[in-house]
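Colleague: make a model of this:
(one chain, ligands or ions: 1)
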Amino acid sequence: MEYKNFINGKWVGSKNKEKFENRNPANWDELIGVFPKSGAEDVDDAVAAAEEAFKKWRLVPAPKRGEILFRTGELLRKHKEEISRDMTREMGKIIQETRGDTQEGIDTAYYAAGEGRRLFGETTPAELPNKFAMSIRQPIGVCGIISPWNFPMAIPTWKIFPALLCGNTVVFKPASDTPLTAVRLVEILAEAGLPAGVVNLVHGTGSGVGTPLVEHPRVRLISFTGSSDVGKQIAASGGKTLKRISLELGGKNAQIVMDDADLKLAVEGALWGAFGTTGQRCTATSRLILHEKIKDDFLSMFLERVEGLKLGNGLDSRTDVGPLVNKAQREQIQSYVDIGLGEGAKLVAGGKAYEEGECQKGWFYEPTVFDGVEPDMRIAQEEIFGPVLSVLKAGSLSEAIAILNNSDYGLSSSIYTSDVNTAHVAMRDIEAGITYINGPTIGAEVHLPFGGVKDTGNGHRESGTAVLDVFTEWKSIYVDYSGRLQKAQIDAVTIE
Ligand code: UN1
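Modeller: Predicted coordinates:
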């Protein structure tokens, strides 16, 4: 039950000997494990190991690096069920979803493995004769990976696998709510044959481990997923050492339902988008924008389904919605519900902690819906990160899109319509990194770019081939085989 950091290929405790507990959010009597509460000295050790390992790892051919990731995918597949069960125990979401989370890690492993035989640069003609030009991707160095608890396997793999494939080495600081899944991932990477020092794991808090990692002069890159507030601090402090900073931050994702939509389908989508993962996804649906012609019908169908959602332990296959991840999260949700009531929104479902039967020892919260929400209310503007949905009304497509775009964030978005013209206008005009037509705001696949616009990030994308731009530097190479000095832009080539 006692777990350690992984530095230079060895499991070691933290230098300060401090520890923290990880408990099941569905039953806080259940201790999942005890983990090191590390500090700056441990980060130093991990960075030194990663820096040393980089010297060799960058020279391993990319297809070989890819083979290790392929084996990692095979091992994740073999252990999928136990990893997923442990994940439900440590962060609460239901077993079907933790299986999906592990599967996303497997998909990412296979995708990265294949990329080992591509990792394409470009060859292009040079403007001068007897000269060759190409660009290649090169690794950056030591990468600090700081990941959240809501996708404890998928999100670390989105970052770590492409980082490694590109020839970088890693210091990994997982969320302190989900250290066990991080241990499982690192164990599997080591078993797959990753050399010592290439991935190092340091457990602990944001201030204890995250801050020294971001400030460390020899860490060249930080990839972070979490809140926009923390992202801004990371960008400011990492900017002092001119690190590359890739940020995946908040969302206030909306689903539009038009009057020509398949309403049953749109109800299913909203239910899954708003209350899947207990609303704790960056891509969760937190605003529902209903066309006024269908609003009342839609809402009554929807609320009937919300009432039927079963809360409970995520390992029970009858459970639809698991607990929130911790006490602070539940307090935050309650404070937003109070804000919504204070702003004059109408509570039509939920609105309080759920403490019936077996749920009294967990951080459960009722699926909550506010009707009559105005676009500028705080509950329509701020990321709540829980099972709280705000319902807004629109009279037309352009009004619905304007409401959707009236947000500091721009991660995911969705529209339900049966009109192809409406769908195309939405694809063009919605300000978001991801738009779904006739699907909910959640469900991104690993081979397409993932990320958002505005305060959702700083322009980078994860997943797909886009992530390679995060984890590589471009190098342009010119080979002049003319045997004389040729001056670009100056020596004109004349055509006889
Ligand atoms: C997140 O919301 O934090 O698209 C990540 C999805 C998942 C990933 C979500 N594949 O909902």
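Colleague: need the residues of the stretch 51-200 of the chain near the ligand, please.
Modeller: With the criterion set to CB under 6 Å from any ligand atom, the stretch 51-200 of the chain comes near the ligand through 104, 150, 151, 154. All C-beta atoms are positioned from the backbone trio N, CA, C, and that covers glycine.
Colleague: neighbours around the closest residue to the third one other than its chain neighbours, how many?
Modeller: In space, and not counting its chain neighbours, residue 151 is closest to residue 101: 5.4 Å by CB to CB, 6 or more residues apart in numbering. Number of residues near residue 101 (other CB atoms under 10 Å) recorded here: 23.
Colleague: residue 44 now?
Modeller: So residue 44, with other CB under 10 Å, has 15 neighbours.
Colleague: which parts of the stretch 301-450 of the chain sit against the ligand?
Modeller: Residues of the stretch 301-450 of the chain lying close to the ligand by CB under 6 Å from any ligand atom are 442, 443, 444.
Colleague: once you drop chain neighbours, what's closest to the last one?
Modeller: Distance criterion CB to CB, 6+ apart; nearest residue to residue 444, sequence neighbours excluded, is residue 450 at 5.2 Å.
Colleague: my guess is that neighbour contacts residue 434, does it?
Modeller: Yes: using CB atoms under 8 Å, residue 450 is in contact with residue 434, at 7.1 Å.
Colleague: what is in contact with those two at once?
Modeller: Jointly contacting residue 450 and residue 434 under the rule CB atoms under 8 Å, 6 or more residues apart in numbering are residue 444.
Colleague: list the contacts of the residue in the stretch 1-150 of the chain that the ligand sits nearest to.
Modeller: As assessed by CB to the nearest ligand atom, the ligand sits closest to residue 150 within the stretch 1-150 of the chain, at 5.2 Å. Residues near residue 150 by CB under 8 Å, 6+ apart: 91, 93, 277, 280, 281, 282, 325.
Colleague: per-residue pLDDT, the residue nearest to residue 151?
Modeller: Listed pLDDT for residue 101 reads 98.
Colleague: toward the C-terminus from the strand or helix carrying it, list the very next helix or strand.
Modeller: Here residue 101, judged by DSSP states H and E, is contained in helix 95-115. Counting by DSSP H and E, the next helix or strand C-terminal to helix 95-115 is strand 122-125.
Colleague: partner strands of that following strand, parallel or antiparallel?
Modeller: When sheet partners are counted by DSSP bridges, strand 122-125 sits next to strand 131-138 (antiparallel).
Colleague: from the chain's centroid, how far away is stretch 199-206?
Modeller: Relative to its chain's centre, stretch 199-206 lies at 17 Å (CA atoms, centre = their mean, to the nearest Å).
Colleague: now swap in stretch 16-24 and tell me
Modeller: Computed by CA atoms, centre = their mean, the separation of stretch 16-24 from the middle of its chain amounts to 24 Å.
Colleague: kindly report the same for stretch 81-100.
Modeller: On CA atoms, centre = their mean, the centre of stretch 81-100 falls 17 Å from the chain's centre.
Colleague: just the buried residues of that stretch, please?
Modeller: For stretch 81-100, burial by neighbour count (16 or more other CB atoms under 10 Å) applies to 83-95, 97-100.
Colleague: list the contacts of that stretch.
Modeller: 22, 24-26, 30, 32, 76, 80, 101-102, 149-150, 152-153, 177-181, 184, 276-278, 280, 314-315, 317, 319-325, 362-363.
Colleague: drop anything exposed from those.
Modeller: Neighbour counting with 16+ other CB under 10 Å marks 22, 24-26, 32, 76, 80, 101-102, 149-150, 152-153, 177-181, 184, 276-278, 280, 314-315, 319-325, 362-363 as buried within the contacts of stretch 81-100.
Colleague: narrow the residues you listed to those in helices?
Modeller: Those of those mapping onto helices are 76, 80, 101, 102, 179, 180, 181, 184, per DSSP state H.
Colleague: pick out the most distant pair among those.
Modeller: Within those, 80 and 179 form the most distant pair, 19.4 Å apart (CB to CB).
Colleague: so which of the contacts of residue 150 is the closest to residue 333?
Modeller: Nearest to residue 333 among the contacts of residue 150, counting by CB to CB, is residue 280 at 9.7 Å.
Colleague: what helix or strand is the residue lying closest to residue 169 once chain neighbours are set aside on?
Modeller: In space, residue 169 comes closest to residue 50 once its chain neighbours are excluded; the distance is 4.0 Å by CB to CB, 6+ apart. Assigned by DSSP H and E, residue 50 falls within helix 40-57.
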